[in-house]
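>>> let's see this in three dimensions:
(4 chains)
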4 protein chains.
Amino acid sequence: MKTVGIIGATGYVGAELLRILLNHREVKVTALSSVSFKGQDINSIYRNFIDKTDLVCDTIDDVLEKAEVIFTALPHGLSEGIAAKCIAAGKICIDLGADFRLSSEDEYKFWYERGFSHPELHKESVYGLPELNKEKIKKSKLIANPGCFPTSIELGLMPLLKNSIIDTKGIICDSKSGATGVGRGLGLSSHFPELNENFAPYKIGAHRHTPEIEETLGAMADDKVTVTFTPHLLPISRGILSTIYCNPKEAVDLENLYKLYKDFYKDQPFVNILPLGETACTKNVRYSNYCHISLHLNHRKDQIIVVSTIDNMLKGAAGQAVQNMNIVLGLDETEGLTFISPAF
Amino acid sequence: MKTVGIIGATGYVGAELLRILLNHREVKVTALSSVSFKGQDINSIYRNFIDKTDLVCDTIDDVLEKAEVIFTALPHGLSEGIAAKCIAAGKICIDLGADFRLSSEDEYKFWYERGFSHPELHKESVYGLPELNKEKIKKSKLIANPGCFPTSIELGLMPLLKNSIIDTKGIICDSKSGATGVGRGLGLSSHFPELNENFAPYKIGAHRHTPEIEETLGAMADDKVTVTFTPHLLPISRGILSTIYCNPKEAVDLENLYKLYKDFYKDQPFVNILPLGETACTKNVRYSNYCHISLHLNHRKDQIIVVSTIDNMLKGAAGQAVQNMNIVLGLDETEGLTFISPAF
Amino acid sequence: MKTVGIIGATGYVGAELLRILLNHREVKVTALSSVSFKGQDINSIYRNFIDKTDLVCDTIDDVLEKAEVIFTALPHGLSEGIAAKCIAAGKICIDLGADFRLSSEDEYKFWYERGFSHPELHKESVYGLPELNKEKIKKSKLIANPGCFPTSIELGLMPLLKNSIIDTKGIICDSKSGATGVGRGLGLSSHFPELNENFAPYKIGAHRHTPEIEETLGAMADDKVTVTFTPHLLPISRGILSTIYCNPKEAVDLENLYKLYKDFYKDQPFVNILPLGETACTKNVRYSNYCHISLHLNHRKDQIIVVSTIDNMLKGAAGQAVQNMNIVLGLDETEGLTFISPAF
Amino acid sequence: MKTVGIIGATGYVGAELLRILLNHREVKVTALSSVSFKGQDINSIYRNFIDKTDLVCDTIDDVLEKAEVIFTALPHGLSEGIAAKCIAAGKICIDLGADFRLSSEDEYKFWYERGFSHPELHKESVYGLPELNKEKIKKSKLIANPGCFPTSIELGLMPLLKNSIIDTKGIICDSKSGATGVGRGLGLSSHFPELNENFAPYKIGAHRHTPEIEETLGAMADDKVTVTFTPHLLPISRGILSTIYCNPKEAVDLENLYKLYKDFYKDQPFVNILPLGETACTKNVRYSNYCHISLHLNHRKDQIIVVSTIDNMLKGAAGQAVQNMNIVLGLDETEGLTFISPAF
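All right, here's what the predicted structure looks like:
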């Protein structure tokens, strides 16, 4: 049984990783770290863990020492150095931050206002979208776990781009996310009386997931892809739903699109294509690692609308990270992740 | 003081009309009708009215007899005959349904699967978007109160279309509405455990507000306008927010757009343009008759994104109807409608 | 027209006061103060005020100079000194904090860990529950606006205590409040992902409204009253509902209780008694200044259960303060406060 | 591997049972029944099951034939006959309705307005609260799964009653439930715009869980127990929280109470006692089978307040039913039920 550690265990992503891993039958969590809560029982910070674990928040070095697989759930810029130590020590590192998601350092500099501190690592790292890169992930020791919005959009468009069905310019991604996406940090925008019963877009034209989306879609299309990406904040806890507008190169037929998607994802355990006539919704994937996709045309039948939905904390973060770990370790890809969404 | 009646008073729109009109200082509600609750006190159906009114649900004929201004808040197909009686009797009719919104009978047939029963009335009726048609409304006795989604989209795009700034083809309107939009009728999609913490689009490519949007935008542009319109249902009670994507004919500058909008709406008491850098959100217009609009570009600066938000029950229905009544009666346009949104 | 000022205008209570007063026809808001936002337009902090007011946040002294009626909406301990200045200058002061709510300095010391800084003022101040003290309020220049939980409980029990119907010992007040009660200050307990879909009591046996409740109920009963008061935090924005359990001294009849309540409150414009068989709920008073009360017995008919509900920000804070101002100034008690709750 | 069937599979409780059982490693669901959806794929009714199961809704007789363990999730009055067939066929029946919860037929008649149709079965049936009756459950073939409210209250009071610490008269149970408790049936009280942002008690003095609570608490105390039970409906999906007020026979000390509870429940895998100073909340048990209990005194230290919380659909219904099945079958009591609540 492999030993696993979480660096940044008291943020929402870290806590969610722990929750999944405590019920994983093939690995054992042996160490956690937290700067803010060092020395404290994790179960005193998150009472859902009462009587479930006695793990105490430790230092980063403790985690590096005690575990063979390391998850880093940290703000961008903090994972590169830790990843370097993992690689040097022969350990596996799965980064849930943004440090290794972009291959272009120029783009990274533009959006994150800093360069790569360990450029050599970026040649080894693999973008951890299993449905795109499963074979590469199997052989890697450094995985860049995708962003939440990008995961929903990339899974929604991959069959279209891989098959050159749509224009690669001007794809519109209107995405909506639940509030756990903001994390545990306090702010007026996530203060209950401000967000409850409210709805709005944010960071229009300025969200850092934009280059990740364009780069990954470009790799799928083997061409430059441009998107307009607009995230919105929903007054719900869980879920991302992306409504994606794209223009077919020639007239399309929904039945054929449906067959294309079903076939494309037939061996992927976490992607479900809804029957034509139905519409994907967040509740049916909530708290699960599944992605639901539905396919539509506008009323003139000249535009494809793809609706793609995931739980932002599971398939959009901690769940996908465990999926990546399972692949790297050669385990059943679904171990620890078979929880079915409680639809109500 | 004019006498006013509401036909269909026990639906959400009817009840909201009554609520506004009870505090209106220049008119008096003298009659209500309801098929389902005939003979019952309205305050026994909606307990927010306890000790505020003794009005009893009556028949349609009673309302027609007792009031000079008639609001019809009915499913489509039921208002034309009532409007005919109003006009014949020299009364004012403000219809909150869809019967008079479309001028093209062909479009109406396509989307509503029935023709006009009183085609002659459609020559007299005016589309009651005050910011577009105020002078015509003043002279009319038959007002087609706009749909909720169309109001948000039309106010958002009017300055761009009237000034020929954007392409008229392929405008994308990604709209989200609170659940009061579904009305008082029960259904699984508005059953609390199904909608709470859920989010999804609905009627993609098939929503009946589509032709209303295209027709009205076309009138603004004096050209054929095509849109892709996708409504979504939010798990909140109030508010519509439309995120509208359009392509400028030539490069635009946000400062200039802002000045254009400020100037365009300077005499309209219910449209507010947010300062650049801010984003419109539903909470700041909730329970009020105001529309908030914010202006944005995507990250490549080659696409305009307009965010337009209203309360679906006020500016999107009952509030706008009262605004229309004020205009028709020559009253202060804002009478009964100055309530400021409680932002939290 | 009287001039009015708000000290502490950028907190939720202050902003709500401003919202009501901007639509009040008999007074004019001439000054606001805020320590945190000095020099800023209030409408830049709360965008619901865009184009509605140009008031700028000023200092406390500016407010004292520019207004005849002063509202203080501050944390406890900060109002006494300001009230002293108001009284010295012949102005009216309505305090929405806790400084003047308790007449017993010993109780105040026990619960607030400080004494009165201006004990002489406490002889002049009146507890501003209009339904209890209207005549005293008319003659006062210093009003202690009641707490939100106490208002709901005191209105619920007043007819029973004034008529010696129930035991004065061991009354149980199980109260639930919406999240605007926590104010604008950030904290983990009001962080959206923590509070959403959550429910819990807080400060059991330790909430500072307890002595206010016991003292005011005691004055009603003309006897010592003891309560167990348990507040809970609801994942909604507005509303307080108190479920109050008390023991009748002898067998009671619901019909008689109902008549007693109806008669007791017949001249009070903001208290409504629901018909027997119905149950008060927060939605029907939301955003309004009304209190709804319903009366019940348990299944053995040996215990009275009173359900009393208000909007915590209106009848529980800013609305009641304006009601007090109207009384002090000899205006119609309901001016500015006739807004009917939008029940959905 | 035992075969399992669900009668009433398309209600919320039935669907939740299926969800848990699909991930249970020691049993296999072989049949479902539904009157309303006969012949339909369960995954077409609940899309969270897409690609997870191909089970089709069948008749009751099919389920009785195909499964060894039968869960009945039906309105009261419908399970007795089915249970009789199960017992006759040597099968195990776990009833999630009310038919077997009360041992007194008189009480049943009073609250349910009908008598027992199979009185002989009531001698065999066991009240399935594992923490109270584990040994009896092991030997039984007919389990009456407890109601949701009773489970929270009974677990909260059992240590006090078994140890004769409190008065058995006049216990007040102020309980609040999430909206999944109303089930899948439509009604105005669970129509989203009516329930959202609303809060109220219901069925005061008239809820059918009252006799179940009194009977079970009485069995614990070995004395007659009387309660006042008031359920409230929360605008959240999941969770029950009961705030329970009781009077100690003599002065109590919180430290001792805490030790008593910890010791009492030390061998019960699903009951957790929170450290003193903390308060139980619904979010930490949401979607899990755990019960969290916290202990408090009022400010005069003369009353005990117990806060007890569960997920109404898990420990309050389907989870507890599976726990009972595990006990009856001699499996690990926690199999299929170790899911840890995602606290956000």
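>>> report the separation between the two terminal residues of stretch A:290-303.
According to Cα to Cα, to the nearest Å, stretch A:290-303 extends 26 Å from its N-terminal end residue to its C-terminal end residue.
>>> does any part of that stretch sit near chain B?
Yes - Stretch A:290-303 is in contact with chain B by Cβ under 8 Å from any Cβ of the partner chain, via A:296-301, A:303. C-betas here are computed from N, CA, C, even on glycine.
>>> which among these gets closest to chain D?
Minimum distance to chain D across the residues of stretch A:290-303 next to chain B is 16.0 Å, recorded for A:H296 (Cβ to the nearest Cβ).
>>> picking up where we left off before, would you reformat the residues of stretch A:290-303 next to chain B as JSON lines and include pLDDT?
JSON lines is the format used below for these (pLDDT from 0 to 100):
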{"residue": "A:H296", "pLDDT": "98"}
{"residue": "A:L297", "pLDDT": "98"}
{"residue": "A:N298", "pLDDT": "97"}
{"residue": "A:H299", "pLDDT": "96"}
{"residue": "A:R300", "pLDDT": "96"}
{"residue": "A:K301", "pLDDT": "96"}
{"residue": "A:Q303", "pLDDT": "98"}
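>>> make TSV out of the residues you listed and add distance to chain D and secondary structure.
Listed next are these as TSV, based on distance: Cβ to the nearest Cβ, whole Å; DSSP: H, G, I helix; E, B strand; the rest coil:
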residue	distance to chain D	secondary structure
A:H296	16	strand
A:L297	21	strand
A:N298	23	coil
A:H299	25	coil
A:R300	28	coil
A:K301	25	coil
A:Q303	25	coil
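>>> the residues you listed, buried ones only, as a PyMOL selection?
With 16 or more other Cβ atoms under 10 Å in any protein chain shown as the burial test, the buried ones among the residues of stretch A:290-303 next to chain B are selected in PyMOL as follows:
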select buried, chain A and resi 296+297+298+299+303
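>>> need the max-distance pair from the residues of stretch A:290-303 next to chain B.
Taking Cβ to Cβ as the measure, the residues of stretch A:290-303 next to chain B reach their widest spread between A:H296 and A:R300, a distance of 12.4 Å.
>>> can you pull out the strands in chain A?
Remark: strands assigned in chain A by DSSP state E are A:2-7, A:27-33, A:57-58, A:69-72, A:92-95, A:126-127, A:142-144, A:171-177, A:200-201, A:227-233, A:240-246, A:271-273, A:291-297, A:304-310.
>>> looking at the ones you listed, spot the one closest to C:C86.
If we rank the strands of chain A by Cβ to Cβ, the stretch that ends up nearest is strand A:200-201, at 40.0 Å.
>>> mind giving me the packing neighbours of that closest one?
When contacts are defined as 3 or more Cβ pairs under 8 Å, 6 or more residues apart in numbering or on different chains; DSSP states H and E, strand A:200-201 sits against strand A:227-233, strand B:240-246, strand B:304-310.
>>> given it, what are its sheet partners and their directions?
Using DSSP bridges, the neighbouring strands of strand A:200-201 in the sheet come out as strand A:227-233 (antiparallel).
>>> got the angle for the partner strand vs strand A:240-246?
Between strand A:227-233 and strand A:240-246, the angle formed by their directions is 150 degrees, by axes from the mean of the first three to the mean of the last three Cα atoms, to 10 degrees.
>>> near chain C, which residues of the stretch 51-200 of chain A? Just list them.
A:179-180, A:182, A:184, A:186-188, A:190-193, A:195-197.
>>> show me which of the residues you listed is closest to A:C148.
A:T180 (9.6 Å).
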